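**Student:** kindly return the folded structure for what I paste below:
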Amino acid sequence: MALNVGAGRRRERISIYKNEVVRDLGGGTTTKETLYWDTWAWVKEIKGTRVAETFQDSLKKVYSVLIRYRDDKELNNAMQVEIRGKKTTIENIDNVELQGKYIEIIVKVQ
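**Tutor:** Residues are numbered from 1 along each chain as shown. Sure thing, here's the model as predicted:
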């Protein structure tokens, strides 16, 4: 993937949600989905060999979502990404090849 992902390429808005355990009125706990991060991203559909490398089902669309790296944000596979109006789980997180400036999130959407 090219590193030419300046502000002009990151033109789609995505939202990242995480599950938080909160106390309810009865003294128990409830899991609640909360907005964790709302940011600009470069979203690109992955096709061909790269889809085969990630062992994805061919009936689902696989997207590479590139966002700017931030020290104060920590992503994990338990989070969900809302992309183009659909929520999906994170399949893979990678920032090794992107020199620590960007994070690549691989998601699949039905």
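
**Student:** report the beta-bridge partners for R68.
**Tutor:** Beta-bridge partners for R68, by DSSP bridges, are Y102.

**Student:** who touches it in this structure?
**Tutor:** Applying Cβ atoms under 8 Å, 6 or more residues apart in numbering, we find R68 in contact with R10, T39, W40, K101, Y102, I103. For glycine as for every other residue, the C-beta is placed from the backbone atoms N, C-alpha and C.

**Student:** between those residues, which sits nearest E20?
**Tutor:** T39 (19.1 Å; Cβ to Cβ).

**Student:** residues near that closest one, how many?
**Tutor:** Residues lying near T39 (other Cβ atoms under 10 Å) number 15.

**Student:** got a pLDDT number for it?
**Tutor:** For T39, the model assigns a pLDDT of 92.

**Student:** could you do K87 as well?
**Tutor:** Confidence score, pLDDT, at K87: 90.

**Student:** what is the burial count for it?
**Tutor:** Using other Cβ under 10 Å: K87 sits among 13 other residues.

**Student:** can you check G27 too?
**Tutor:** Neighbourhood size, G27 [other Cβ under 10 Å]: 6.

**Student:** helix, strand or coil: sort out it for me.
**Tutor:** coil (DSSP: H, G, I helix; E, B strand; the rest coil).

**Student:** now, which of the contacts of R68 sits nearest I93?
**Tutor:** Among these, I103 lies closest to I93 (Cβ to Cβ), at 6.4 Å.

**Student:** return the distance of the closest one relative to I67.
**Tutor:** 5 Å (Cβ to Cβ, to the nearest Å).

**Student:** the two: which has the busier surroundings?
**Tutor:** Between I103 and I67, I67 has the larger neighbour count (other Cβ under 10 Å), namely 23 against 18.
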